[in-house]
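Trainee: Here's a sequence, model it:
(2 chains)
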Amino acid sequence: MEKTMNVNGSDITQQQLFFLVLQTQIGVGVLSLAFNVFNTAEQDGWISTLIAGLAIQVAIIIIWMMARRFPSSTIFDILPQLLGKWIGNVVNLGYLIYFIMTAALVLAINDQIIKNWVLPETPSWVISLLMTITGVYICTGSLRILARFYSFVSLLLIVLFLLTTYGLKDAEFLNLLPVGEAGGIKIITGAKEAMVSILGFELLLVIYPFVKGKSSGILKKASWANLLVTLFYTYTVVVSLAYFSPGELKLVPEPIIYMLKTFEFNVLDRVDLVFLSIWEVSVATSFMIYLFIASKGLAHFFHQSEHHNKFVPWLGGLVFIASLIPGNNELVIKAFSEYVSYLGLIFAVGLPAFLLIISYLFRKKEPEVMVNDN
Amino acid sequence: MITKRLGQAVLLLSCLLLTTGCWDQRLFKDAQLIFSTGADLTESGKINTTVSIPYVQKSEQGVGEESVQIVSARADTPREARMKIDEKMPRRLDASKMKVIVLGKEVAEQKIYPVLDVFYRNPNSNMSAKVAVAEDSAEDVISMKGTEQQKISEYLSRLLEGAETSSIIPQQDVQLVTSIMFDPGQDFMLPLLSSVEGGSIKNIKGLAIFNGQTYTGEILTPEEGVLFQLLDNNKGRRARLTKKISKDRNPKILNYITIDVNNVDSRIDIVIDKDRNITVNLNTDLTVKAIEYPKDQLNTEKEINKLNKELSQNLTKEAEEIIQKLQDVNSDPLGIGKRMIAFHHDTWESLDWKEAYPDITFNTEVNVEIVQRGIIH
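Mentor: Numbering: from 1, shown residues only, chains lettered A, B, ... in the order given. Below you'll find the predicted structure:
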């Protein structure tokens, strides 16, 4: 199924899609993943992470199968076609709110961690505003610009990998044994925790029509990205599990940077700061993509799908304000995060599966002759 | 064109000046760095924190002379004590370059985590600081005069590093200590600094054995420390032992040999029989180099074999004593419990490890093989 759609040079190559998915999936979650899965699945947290990656692979296939039937439509166009104008638009609003909330959550967590680890005195709004401005600036450009930026900064992931690897120096792999001791239920619950950190593939719902080339290629690239992210995440979990004793890991919500804080190189005392500044880029990329797809959604409501950039500054402002609502209350942010993670499971996994079934049942798909409604 | 580019570059670079924040500056001139701190328990249960603060005394020649000021304060928690010290100082106390934390004996005999909490909770603290226990009061150690040119913090950290190099104490920092502290299957030991006499520390007295978070009062001597690191497969850069291998030679010096351990391979094997009796087989193989053998004549295979046997017996006996000592105070620094969790999980679950550990059987065996003899035989 060759696609021919091209919206004002905003289409991207499949290679770029790979980096988009990669960078969206790796985000705020990487720091606390090991802690989260350990709390539920104990030393089998790494199995949970692998299972989460597998579950997400299934979700990617579902989204792809659905999106393939509407190769030139974003989720915002698909929903009214499948569910009728009214319900479709209500669900569309749901997606819009979900994207906005995720973006706000990313800002809030970022602010919390930066304040805790690096800049305790700097006001929250400054930290969030800096991120918002960067995000708004890049999102007013086309998707292609976003994708190029993502491909470029993906190089930094190598540094994150190497820094994490240094932790193996003091690793005690006995901590990982016995394998499977936590039991199936705990491991599956842990997998749910881990899935929330690996969310991000749902961007496919919106950007699918902008990717050039065969649809099978799209699935391949998104899957490769997911595989890489899953392996990277599992790796960080294994390193954290091996580095910290079980009793200590319960107390350390950001194990990877806590571990790096201990290391001392001749010229460098706080390796955690190096890690955090690189991690900040990964946070930025996650934030940007949510801002971007939210602006696509908003543009859809105003029937201006081609001019998403008009809406970016407004959305940026909205997200910025929303992110400040929890204040510095860690517990509120945690509750917020849990809430959004449930939304994530609904909007990124549940709904797409439901929509796929509907589109098969009612044989709804895009007419073979391209109708370019833009 | 070029001027335009240049203009842009200058503009961008000057933007950099605006990107520094104003809130989180921690200027060196405002900070009073402390490199070592000591915590003691007062009779009323308060914490007495002592810090040594280096400063430069201006002399008439204009050449500054370095000196230290010892400040201590009593409060309910270490943090509060630090705040009180801060009040006495013109500059803000900054512990982010901390090198050595000394715990007084009484503090160590209580649970030690509460005293260290402040280090773990603050992102700026230095997690690679060393922890040591003072045989007596930590205040005495901190207020001691260092040797000629070294500040006390430097003196202590060199002392500890030296002991790590020669395998007397394990490579350890604050972070590693907590990691073990919260491990249900392992205990730790901390270097013990001997009492201050005549204003200076003599040496490291050995390793203070902890049971959980509490100092048991028992110690391993430095000699035993080295052997323990070998049993634990945790040789530092160097591990040297001087052993008596006979009794009746005259002069006495001929009774001894000093060996330098090249390689150590220590294996822990846990066997559980039908009746749930736990036996630990601890086999340690050492390949060593003879670095001093006053008796001389290390040239026949027979002589070497005899020495190997003698040394093996000698060290096995000493290792057994170490294990016995550890079991007597219910301390498990070898991490037998960790292996139980990993390999015999069911048994572990059914046991109260703290009760079972002192009664388990150890079969300890040390095998020594001399493989090098230096440049003479």
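Trainee: contacts, neighbours, all on C-alpha from now
Mentor: OK.
Trainee: can I get the CA coordinates of stretch A:252-261 in CSV?
Mentor: Below are the C-alpha coordinates for stretch A:252-261, written out as CSV (Å, rounded to 0.1, in the frame of the first residue of the first chain):
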residue,chain,number,x,y,z
VAL,A,252,15.7,5.4,46.1
PRO,A,253,13.1,6.7,43.7
GLU,A,254,15.6,7.7,41.0
PRO,A,255,18.1,4.8,41.2
ILE,A,256,20.1,5.5,38.1
ILE,A,257,21.1,9.0,39.0
TYR,A,258,21.5,8.1,42.6
MET,A,259,24.0,5.4,41.5
LEU,A,260,25.9,7.9,39.3
LYS,A,261,26.1,10.4,42.1
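Trainee: Which positions in that stretch come out as buried?
Mentor: For stretch A:252-261, a neighbour-count test (16 or more other Cα atoms under 10 Å in any protein chain shown) marks A:V252, A:P253, A:E254, A:P255, A:I256, A:I257, A:Y258, A:M259, A:L260, A:K261 as buried.
Trainee: So stretch A:36-53, near chain B or not?
Mentor: No - using Cα under 8 Å from any Cα of the partner chain, stretch A:36-53 never reaches chain B; the gap is at least 10.4 Å.
Trainee: Distance from that stretch to the middle of the chain?
Mentor: Here stretch A:36-53 is found 18 Å from its chain centre; the criterion is Cα atoms, centre = their mean, to the nearest Å.
Trainee: Now do that stretch: everything it contacts.
Mentor: A:34, A:175-182, A:186-195, A:198, A:226-227, A:230-231, A:233-235, A:237-238, A:241, A:246, A:249-250, A:253 (Cα atoms under 8 Å, 6 or more residues apart in numbering or on different chains).
Trainee: cutoff 7 Å now
Mentor: A:175-176, A:179-180, A:182, A:186-195, A:226, A:230, A:234, A:237-238, A:241, A:250 (Cα atoms under 7 Å, 6 or more residues apart in numbering or on different chains).
Trainee: do stretch A:351-366 as well
Mentor: A:I62, A:I63, A:M66, A:R69, A:F70, A:L82.
Trainee: The last one belongs to a strand, doesn't it?
Mentor: No - in this structure, A:L82 is helix, not part of a strand, as judged by DSSP: H, G, I helix; E, B strand; the rest coil.
Trainee: Check the burial of it by counting its neighbours.
Mentor: 18 (other Cα atoms under 10 Å in any protein chain shown).
Trainee: measure it to A:L93 for me?
Mentor: Relative to A:L93, A:L82 is positioned 15 Å away (Cα to Cα, to the nearest Å).
Trainee: what does the second one give?
Mentor: Distance of A:I63 to A:L93, given as Cα to Cα: 19 Å.
Trainee: between the two, who's got more neighbours?
Mentor: It is A:I63, of A:I63 and A:L93, that has more neighbours when counted by other Cα under 10 Å, with 26 against 16.
Trainee: rewinding a little: which member of the buried residues of stretch A:252-261 is positioned nearest B:Y113?
Mentor: Nearest to B:Y113 out of those is A:V252 (Cα to Cα; 14.8 Å).
Trainee: if I pick that closest one, what's in contact with it?
Mentor: A:F35.
Trainee: Wasn't it part of a strand?
Mentor: No - going by three-state DSSP, the assignment for A:V252 is coil, not a strand.
Trainee: could you point out where the stretch 151-300 of chain B is predicted with low confidence?
Mentor: B:196-202 (pLDDT under 70).
Trainee: circling back to that earlier point, from the contacts of stretch A:36-53, list the buried ones, please.
Mentor: Applying 16+ other Cα under 10 Å to the contacts of stretch A:36-53 flags A:175-176, A:180, A:186-195, A:226, A:230, A:234, A:237-238, A:241, A:250 as buried.
Trainee: Can you name the residues of the stretch 51-200 of chain A that neighbour chain B?
Mentor: Within the stretch 51-200 of chain A, the residues that sit near chain B (Cα under 7 Å from any Cα of the partner chain) are A:W117, A:L119, A:P120, A:E121, A:T122, A:L174, A:L177, A:P178.
Trainee: If we go by neighbour counts, what in the helix or strand where B:D86 lies is buried?
Mentor: Element membership for B:D86 (DSSP states H and E) is helix B:78-88. Neighbour counts using 16+ other Cα under 10 Å place B:P78, B:R79, B:A81, B:R82, B:M83, B:K84, B:I85, B:D86 of helix B:78-88 among the buried residues.
Trainee: which helices and strands does it pack with?
Mentor: Where contact means 3 or more Cα pairs under 7 Å, 6 or more residues apart in numbering or on different chains; DSSP states H and E, helix B:78-88 is packed against strand B:47-58, strand B:64-75.
Trainee: Now do the contacts for A:V21.
Mentor: Here A:V21 is in contact with A:G200, A:F201, A:A222, A:A225 (Cα under 7 Å, 6+ apart).
Trainee: try 10 Å
Mentor: Residues near A:V21 by Cα atoms under 10 Å, 6 or more residues apart in numbering or on different chains: A:147, A:150, A:199-204, A:221-226, A:229, A:286, A:289.
Trainee: so the closest residue to A:F347 other than its chain neighbours is in which element?
Mentor: Excluding the flanking residues, the one nearest A:F347 by Cα to Cα, 6 or more residues apart in numbering or on different chains is A:Y95, at 6.8 Å. Using DSSP H and E, A:Y95 falls within helix A:85-117.
Trainee: same check, this time on A:V196
Mentor: For A:V196, the host element (DSSP H and E) is helix A:184-198.
Trainee: just checking, what packs against that helix?
Mentor: helix A:14-25, helix A:29-41, helix A:45-69, helix A:215-243, helix A:330-344 (3 or more Cα pairs under 10 Å, 6 or more residues apart in numbering or on different chains; DSSP states H and E).
Trainee: Dump the ones you listed to TSV, plus mean pLDDT.
Mentor: Formatted as TSV, the helices and strands packed on helix A:184-198 follow (pLDDT from 0 to 100):
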stretch	mean pLDDT
helix A:14-25	89
helix A:29-41	87
helix A:45-69	90
helix A:215-243	91
helix A:330-344	88
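Trainee: Distance to A:I127 added to these, as TSV?
Mentor: Below are the helices and strands packed on helix A:184-198 laid out as TSV (distance: least, Cα to Cα, whole Å):
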stretch	distance to A:I127
helix A:14-25	20
helix A:29-41	18
helix A:45-69	30
helix A:215-243	26
helix A:330-344	16
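Trainee: right, and A:I62 touches A:V349 too?
Mentor: Yes - applying Cα atoms under 10 Å, one finds A:I62 in contact with A:V349, separated by 8.1 Å.
Trainee: Find residues that contact each of those two.
Mentor: Applying Cα under 10 Å, 6+ apart, one finds that A:I62 and A:V349 are jointly contacted by A:I56.
Trainee: for the closest residue to B:K354 other than its chain neighbours, what are its contacts?
Mentor: Nearest-residue entry for B:K354: B:N330, 6.9 Å, with adjacent residues in sequence omitted and distances by Cα to Cα, 6+ apart. By Cα under 10 Å, 6+ apart, B:N330 lies in contact with B:187, B:209-212, B:216, B:324, B:353-359.
Trainee: Could you do B:P54 as well?
Mentor: B:P54 neighbours (Cα under 10 Å, 6+ apart): B:Q32, B:L33, B:I34, B:F35, B:E66, B:S67, B:V68, B:Q69, B:I70, B:K151, B:I152, B:S153.
Trainee: Bridged to it, which residues?
Mentor: Residues in a beta bridge with B:P54, per DSSP bridges, are B:V68.
Trainee: What helix or strand is A:G297 located in?
Mentor: Assigned by DSSP H and E, A:G297 belongs to helix A:271-301.
Trainee: quick one: that helix to helix A:14-25, angle?
Mentor: 110 degrees (axes from the mean of the first three to the mean of the last three Cα atoms, to 10 degrees).
Trainee: Now do the very next helix or strand once past helix A:271-301, average pLDDT.
Mentor: Note on helix A:271-301: by DSSP H and E, the next helix or strand toward the C-terminus is helix A:312-324. Across helix A:312-324, the average pLDDT comes to 91.
Trainee: now helix A:312-324 against helix A:271-301, angle please.
Mentor: Counting by the same axes, to 10 degrees, helix A:312-324 lies at 130 degrees to helix A:271-301.
Trainee: Right, I'll leave it there.
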